[in-house]
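1. with the input below, show me the fold.
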Amino acid sequence: MNLEKIISDFPILKDVIYMDSASTSLTPEPVLDFMLKYYREYNANVGRGVHRLSQMAQQRYSDAHKKVARFIGATGGNLIFTRNTTESINMVAYGLRWRRGDKVVTTLAEHHSNFLPWLRLRKDGVDLEFVKPENSGTFDVADFERAIDAGTRLVTVAHMTNVLGTVLPIKEISEICQDNGAMLLIDGAQSVPHFPTNVKDLGCDFLCFSGHKMLGPKGTGVLWTKQNIEPLLVGGGMVEDVSAEGFESKKGYEGFEAGTPHISGGIGLGRAVDYLVEVGMEEVKAHEARLAGRLLDGLQEIDGLEVNGPPDCRDRGSIVSFNVKGLMPHDVALMLDHAANIMVRSGHHCCIPLMKHLGLKDGTVRASLYLYNTEEEVERLLGTIEDIAKMTY
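-> Below is the predicted model:
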């Protein structure tokens with residue numbers, strides 16, 4: 001893994017140390033160039049024209065779907081481009097035909113995007129059950145065994161949580177779902193960008209993730225589904241035939257992508273996947289594990305600090321949340337910015353139910369690492385945090 005070359009693809013890193021990739025990753029120059037090439041050389045709509053510009057756009061856009069499908073090991077089902085993980089999850093929530101008494105099982109550690117759509121289904125008579133994490137942020141498989149039963153229609157969980165970095169026991173959860181005839185949706189927003197993903201190995205029915213967290217442009221997301229669902233939107237571009245009596249949707253992803261899509265974004269997402277493949281996802285995973293391990297060990301050695309989430313790196317990814325005793329998370333984030341040009345996230349991280357469960361009224365400070373971070377940056381974060389903690393401890 002050529003870290004120096006990778007860093008050179010992100011000019012913004014000349015000025016800052018960026019540790020907020022769980023919110024949104026940076027976008028490398030090759031992805032930006034690929035997107036601009038669309039606007040400069042073959043700017044046309046897809047699925048609607050026979051002239052060469054339209055055909056070029058259609059080919060690149062279709063190729064991007066295939067690249068992303070290969071990236072997650074999807075050889076069947078439908079891979080649909082959306083705006084983000086939120087839209088992907090909502091497409092499932094509204095694309096399945098629910099019956100009163102159907103049961104959905106999820107956890108208290110979910111991002112609001114994998115929480116609110118299911119809460120809203122309660123008005124239709126859908127039952128909702130939550131599995132709670134331990135105080136350490138880990139999950140007991142036995143709790144899923146108790147929650148998932150024959151009446152469960154869908155289980156929906158994050159592969160890796162966005163606050164604590166906990167990696168859930170997906171394979172075990174998948175087996176429990178299969179034993180009870182339940183479908184499994186995985187929120188892969190925090191996992192797909194960071195370690196190798198194969199939908200067959202995961203044993204899921206739906207996988208949702210965002211392009212902007214994996215070096216791609218904003219406004220791009222993915223829903224992979226092996227189940228038949230109704231399209232969330234209908235309109236131009238998604239119909240095979242239409243009359244006053246009704247319409248027939250196109251087969252494949254086109255039947256779910258009504259209207260003019262984010263063409264340059266989809267093409268850019270395909271290039272982002274190429275970039276990650278070129279680096280190697282095993283390399284990305286190993287690099288982040290080294291950095292996260294050092295960060296976790298270093299934070300645990302600082303007096304006046306409370307580190308949230310699993311204490312063992314084997315149970316977590318490259319997200320580390322913590323609090324400095326006596327200081328608000330937002331104040332710590334501002335101090336890191338002003339003192340060392342370090343960008344981290346602070347607050348509730350769109351996980352208010354989890355914060356209430358853990359008694360973290362004001363949230364946490366969250367450092368999230370990616371392939372462009374370095375050991376030197378981790379050491380600078382640790383040194384600055386130690387100086388901040390000494391002010392109040």
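
2. stretch 8-25: which residues count as buried?
-> 9, 10, 13, 17, 18, 19, 20, 21, 22, 25 (16 or more other Cβ atoms under 10 Å). All C-beta spots, glycine's among them, are computed from the backbone N, C-alpha and C.

3. could you work out the most separated pair of those residues?
-> Within those, two members stand farthest from each other by Cβ to Cβ: 9 and 22, at 20.1 Å.

4. just to revisit the earlier point, narrow the buried residues of stretch 8-25 to those in strands?
-> 17, 18 (DSSP state E).

5. export the buried residues of stretch 8-25 to a markdown table and tack on distance to residue 125 and pLDDT?
-> Output for the buried residues of stretch 8-25, formatted as a markdown table (distance: Cβ to Cβ, whole Å; pLDDT from 0 to 100):
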| residue | distance to residue 125 | pLDDT |
| --- | --- | --- |
| 9 | 51 | 98 |
| 10 | 49 | 98 |
| 13 | 51 | 97 |
| 17 | 49 | 98 |
| 18 | 45 | 98 |
| 19 | 44 | 98 |
| 20 | 40 | 98 |
| 21 | 39 | 98 |
| 22 | 35 | 98 |
| 25 | 39 | 98 |
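
6. closest to residue 384 among the buried residues of stretch 8-25?
-> residue 17 (9.6 Å).

7. quick check: beta-bridge partners of the closest one?
-> Beta-bridge pairing for residue 17 (DSSP bridges): residue 342.

8. on that earlier part again, closest one of the buried residues of stretch 8-25 to residue 361?
-> For those, the residue nearest residue 361 by Cβ to Cβ is residue 22; the value is 21.0 Å.

9. give the bridge partners for the nearest residue to that closest one once chain neighbours are set aside, please.
-> Spatially, and ignoring its direct neighbours in sequence, residue 22 is nearest to residue 368 (3.5 Å; Cβ to Cβ, 6 or more residues apart in numbering). Note on residue 368: beta-bridge partners residue 20, residue 319, judged by DSSP bridges.

10. need the contact list for residue 135.
-> residue 358 (Cβ atoms under 8 Å, 6 or more residues apart in numbering).

11. three-state assignment of it?
-> Following DSSP: H, G, I helix; E, B strand; the rest coil, the label given to residue 135 is coil.

12. what's the nearest residue to residue 21 once chain neighbours are set aside sitting at in phi/psi?
-> Leaving aside its sequence neighbours, residue 21 sits nearest to residue 370 (Cβ to Cβ, 6+ apart; 4.0 Å). For residue 370, the backbone dihedrals are phi -150, psi -170 (criterion: degrees, to the nearest 10).
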